[in-house]
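S.K.: Have a look; sequence and predicted model below, questions after that.
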Number of protein chains: 2
Amino acid sequence: MILTEYISVLQEKIMQARQEEKTIVLIPTMGFLHEGHLSMVNTVRQDDEDCEKICIVMSIFVNPLQFGPREDFEQYPRNLARDVQLAQQAGVDLLFVPSVQEMYPEEKTLTTVNVEGVTEGLCGDSRPGHFSGVATVVAKLFNIVLPDAAFFGQKDYQQYIVIKKMVKDLNMPLKVYAVPTVREADGLAMSSRNAYLTPAERKQAPVLYQALQEAQALITEGERNPETVRQNMMNKITAETTGEIDYVEIRSAENLSPVKTIRRKIVIALAVRLGNTRLIDNIIVEV
Amino acid sequence: MILTEYISVLQEKIMQARQEEKTIVLIPTMGFLHEGHLSMVNTVRQDDEDCEKICIVMSIFVNPLQFGPREDFEQYPRNLARDVQLAQQAGVDLLFVPSVQEMYPEEKTLTTVNVEGVTEGLCGDSRPGHFSGVATVVAKLFNIVLPDAAFFGQKDYQQYIVIKKMVKDLNMPLKVYAVPTVREADGLAMSSRNAYLTPAERKQAPVLYQALQEAQALITEGERNPETVRQNMMNKITAETTGEIDYVEIRSAENLSPVKTIRRKIVIALAVRLGNTRLIDNIIVEV
């Protein structure tokens, strides 16, 4: 594995891989790697048994542009030494760890990418500017790496839909995939932010996934009113945790538009604050 | 020359050119071609005497996104049959003439690219949203064509600076060049919009370039106060035309920031309404 913080070095190595006719795959992360990130590497490696056809580029960059002024940019967990080891073991070929200066050399003014239609509601409401920051840094990474494909975690489902829409709207020449959420044994979705949880909060946290599972069971039993399903979930979360619900929503899985009746493919998504930690999770349900 | 309205066909032809190891050059236009556009083709062809190393892609697309609600999108002059002939004669290899539907298949919501720091002032003030529309469509064209270089006219100097900043900020993998403004015999900068001028307005129009030349002469004689130079220009335009001045500005040629003293490389830029026609022009002066 090659590790670099410089765009120029990364691009030189990618050019070599491309000359060897390798497919370039990008996995953008904010580091503090867990099984969720590594499963993306495994998913790609499964298609590349002899490690000869695919070049896996992973980026680790805690992007200040996607954090609000009162959010956890400074506190966001970082452990580069451990990340390097995990990435290497998983089979990453090129690990790109740029500084903020390398990614944003202009201090005062910036070009931003703004995705409309899928950034309103859900996390877009409580995190204004977040998805513009995400779209901008991902557009930069796509232009730097020029990957054939990029992988994102399903846990950040709205982010995945935002990136898919950006790619389609701006004619970016790559494919975008989501990889299923990896969970702890008790169901909690893996997230770097789980490290913030106190032991007491950690015990409550699995209720979020349980609420999603109960919602799925209700729908399987025939419930088609999203409001009934939402209310059931909110009741459970309120009764069984000390968390503050940010949102519980049922939306079209394709474009995140609100649904009046549950049909076809929907995403059930939630965000809950447990103490100082904001947790998100979601499941896709097909009727 | 190959003419197509489809992205897929264009990309197939570009892939062939790339396999033949040709350099891909993009010249984005809104059509109604004049010598200013064709000089960009000539500039590129000069470097490619045997027409074997460079593939010139020209796009013709009147981009609705860069026109304001009260602007001239519907009236903008179009003459595809003539454009095809001129492009072919000049040596364009691929002429891309997409429909609005091909470029913006999503009707309701869009992803936009917003360049900050160089879109305020000058044309940015009187045309809100204009440069976001320009940056968005050019980002799309860059992603569709993936050119090694793109050429723009110096007449639209702010647009050139906006595109350069977008390319730098978003790490787009290409070089951007401006080609000198081509002028009529009497000095009027060539523009598709000159077709709007009445004969009486056409007679007054060369005063704009004369004002720029007088400004340059003043600076050559030693004047370093931008306000004095501006006032002189405005007096001349007011005295010798019936036009309404939108702006007369002296800015840094590099980043369009205002200057208190004329030094290094500056751009003197103006926009004047003659009747219903908004004309722009500029010159670069090095001290």
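M.R.: On my side now, so go ahead.

S.K.: Could you tell me the model confidence score at the one residue sitting closest to the centre of chain A?
M.R.: Nearest to the mean C-alpha position of chain A, by CA atoms, centre = their mean, lies A:Asp156 at 3.7 Å. Looking at A:Asp156, its pLDDT reads 97.

S.K.: now A:Glu106
M.R.: 78.

S.K.: now the nearest residue to it once chain neighbours are set aside: how far from B:Val118?
M.R.: Once flanking residues are discounted, A:Glu106 sits nearest to B:Asp169: 6.4 Å by CB to CB, 6 or more residues apart in numbering or on different chains. To be clear about C-beta, it is placed using only N, CA and C from the backbone, and glycine gets the same treatment. As judged by CB to CB, to the nearest Å, B:Asp169 and B:Val118 stand 10 Å apart.

S.K.: what about those two, which has more around it?
M.R.: Per other CB atoms under 10 Å in any protein chain shown, whichever of B:Asp169 and B:Val118 has more neighbours is B:Val118, with 26 against 22.

S.K.: Do I have it right that the more buried one meets B:Tyr160?
M.R.: No: the criterion here is CB atoms under 8 Å, and B:Val118 misses it with B:Tyr160 at 9.9 Å.

S.K.: got the buried residues for stretch A:243-262?
M.R.: For stretch A:243-262, a neighbour-count test (16 or more other CB atoms under 10 Å in any protein chain shown) marks A:243, A:246-253, A:256, A:259, A:262 as buried.

S.K.: helix/strand/coil for A:Ile14?
M.R.: helix (DSSP: H, G, I helix; E, B strand; the rest coil).

S.K.: what's the answer for the one 4 residues further on, then?
M.R.: When states are read from three-state DSSP, the local structure at A:Arg18 comes out as helix.

S.K.: Contact partners for it?
M.R.: By CB atoms under 8 Å, 6 or more residues apart in numbering or on different chains, the contact list for A:Arg18 reads A:24, A:55.

S.K.: State the pair within the buried residues of stretch A:243-262 that is farthest apart.
M.R.: A:Gly243 and A:Ser252 (26.0 Å; CB to CB).

S.K.: all helices of the stretch 51-200 of chain A, in order?
M.R.: For the stretch 51-200 of chain A, applying DSSP state H, counting those that start in this stretch gives helices covering A:80-90, A:100-103, A:123-126, A:130-145, A:157-169, A:199-204.

S.K.: circling back: save the buried residues of stretch A:243-262 as a markdown table, and put in secondary structure too.
M.R.: Formatted as a markdown table, these follow (three-state DSSP):
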| residue | secondary structure |
| --- | --- |
| A:Gly243 | coil |
| A:Asp246 | strand |
| A:Tyr247 | strand |
| A:Val248 | strand |
| A:Glu249 | strand |
| A:Ile250 | strand |
| A:Arg251 | strand |
| A:Ser252 | strand |
| A:Ala253 | coil |
| A:Leu256 | coil |
| A:Val259 | coil |
| A:Ile262 | coil |
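
S.K.: between the residues you listed, which is closest to chain B?
M.R.: A:Leu256 (10.9 Å; CB to the nearest CB).

S.K.: For that closest one, which non-adjacent residue is closest in space?
M.R.: A:Val118 (4.9 Å).

S.K.: Can you tell me how far that neighbour is from A:Tyr160?
M.R.: Taking CB to CB, one finds A:Val118 at 10 Å from A:Tyr160.

S.K.: repeat for A:Ile54
M.R.: Counting by CB to CB, the gap from A:Ile54 to A:Tyr160 is 21 Å.

S.K.: Repeat that for A:Arg224.
M.R.: 25 Å.

S.K.: now do A:Pro128
M.R.: 20 Å.

S.K.: Comparing those two, which residue is more hemmed in?
M.R.: A side-by-side neighbour count of A:Pro128 and A:Tyr160, using other CB under 10 Å, places A:Tyr160 first with 20 against 10.

S.K.: so where's chain A shaky on pLDDT?
M.R.: Flagging of chain A using pLDDT under 70 yields the residue ranges A:50-51, A:107.

S.K.: rerun at 80
M.R.: A:48-51, A:106-109 (pLDDT under 80).

S.K.: what's the nearest residue to A:Arg202 if we skip its chain neighbours?
M.R.: A:Arg202's closest residue in space is A:Asn194 (CB to CB, 6+ apart), at 7.4 Å.

S.K.: same deal with A:Glu286?
M.R.: A:Lys265 (4.9 Å).

S.K.: who's in contact with that neighbour?
M.R.: Counted by CB under 8 Å, 6+ apart, A:Lys265 has contacts A:252-254, A:284-287.

S.K.: out of the residues you listed, who's nearest A:Asn42?
M.R.: A:Ile284 (20.4 Å).

S.K.: Quick check: the gap between that closest one and chain B.
M.R.: 22 Å (CB to the nearest CB, to the nearest Å).

S.K.: Give the bridge partners for that residue, please.
M.R.: A:Val267 (DSSP bridges).

S.K.: so who does it touch?
M.R.: A:154, A:157, A:253, A:265-267.

S.K.: For those residues, give me TSV that also has distance to B:Thr43.
M.R.: Output for the contacts of A:Ile284, formatted as TSV (distance: CB to CB, whole Å):
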residue	distance to B:Thr43
A:Gln154	49
A:Tyr157	48
A:Ala253	49
A:Lys265	52
A:Ile266	54
A:Val267	51
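
S.K.: Out of the residues you listed, give me the two with the largest separation.
M.R.: Maximum distance among those (CB to CB): 14.0 Å, for A:Gln154 and A:Ile266.

S.K.: More neighbours: the two, which one.
M.R.: A:Ile266 (24 against 20).

S.K.: Show me what the closest residue to A:Val92 other than its chain neighbours is bridged to.
M.R.: Distances taken as CB to CB, 6+ apart place A:Met58 nearest to A:Val92, at 4.6 Å, with adjacent residues excluded. In this structure, A:Met58 bridges to A:Ile27, A:Leu95 when assessed by DSSP bridges.
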